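> Predicted coordinates and the sequence they were generated for:
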Amino acid sequence: EMALEEEMRRKEGDYARQLFSLREEEARIILEPLKAELAQTLVGMGAGKDEARLVAQVQTSFGDEWRVMVASLREELEMKGTNICNMLSRDRSLLLLRPERLVRFVQ
């Protein structure tokens, strides 16, 4: 009976490691292109390449409307890329917010 419990624990550990590995791979496949796009967008808005790349690399979540949110900060609040980088470095969850909610809060 002890051997059976030990075998089940080992299999659970193997399963957990495989699941974690798959989640990491999935995150890389999904997040890396978004991070690259964010960095490119921020550079286009006037942020330095290194600054934009560093801020983009620490982002772990992108909301459905993150592109609109970043554009709203630029267009409605006239923020520059460097300012947006500063905001994103302080709060990684900003890209999850709906644009109208963030703009209303910042105004």
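That came through, no problem. Numbering: from 1, shown residues only.
> Apart from its chain neighbours, what residue comes closest to residue 82?
Take residue 82 and drop its neighbours on the chain: the residue closest to it by C-beta to C-beta, 6 or more residues apart in numbering is residue 47, 5.1 Å away. Where C-beta positions appear, they are placed from N, C-alpha and C, glycine not excepted.
> Look at stretch 45-52 and report the distance between its end residues.
Terminal residues of stretch 45-52 are spaced 10 Å apart (C-alpha to C-alpha, to the nearest Å).
> buried stuff in that stretch?
Neighbour counts over stretch 45-52 (16 or more other C-beta atoms under 10 Å) mark 45, 47, 51-52 as buried.
> Report the secondary structure state of the residue nearest to residue 82.
coil (DSSP: H, G, I helix; E, B strand; the rest coil).
> quick revisit: got the buried residues of stretch 45-52 as CSV, with pLDDT and distance to residue 93 columns?
What follows is those, written out as CSV (pLDDT from 0 to 100; distance: C-beta to C-beta, whole Å):
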residue, pLDDT, distance to residue 93
45, 96, 20
47, 97, 19
51, 96, 20
52, 97, 19
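> In those, find the pair that's most separated.
Within the buried residues of stretch 45-52, two members stand farthest from each other by C-beta to C-beta: 45 and 51, at 11.2 Å.
> what ranges do the strands span in the chain?
For the chain, no strands turn up when DSSP state E is the criterion.
> Do a quick rundown of the helices in it.
Ranges of helices in the chain, per DSSP state H, are 2-44, 49-58, 66-75, 81-90, 99-106.
> ok, the residue nearest to residue 82 to residue 85 distance?
As for residue 47, its distance to residue 85 is 5 Å (criterion: C-beta to C-beta, to the nearest Å).
> what is in contact with the two at once?
Counting by C-beta atoms under 8 Å, 6 or more residues apart in numbering, the shared contacts of residue 47 and residue 85 are residue 55.
> Good, we can wrap up now.
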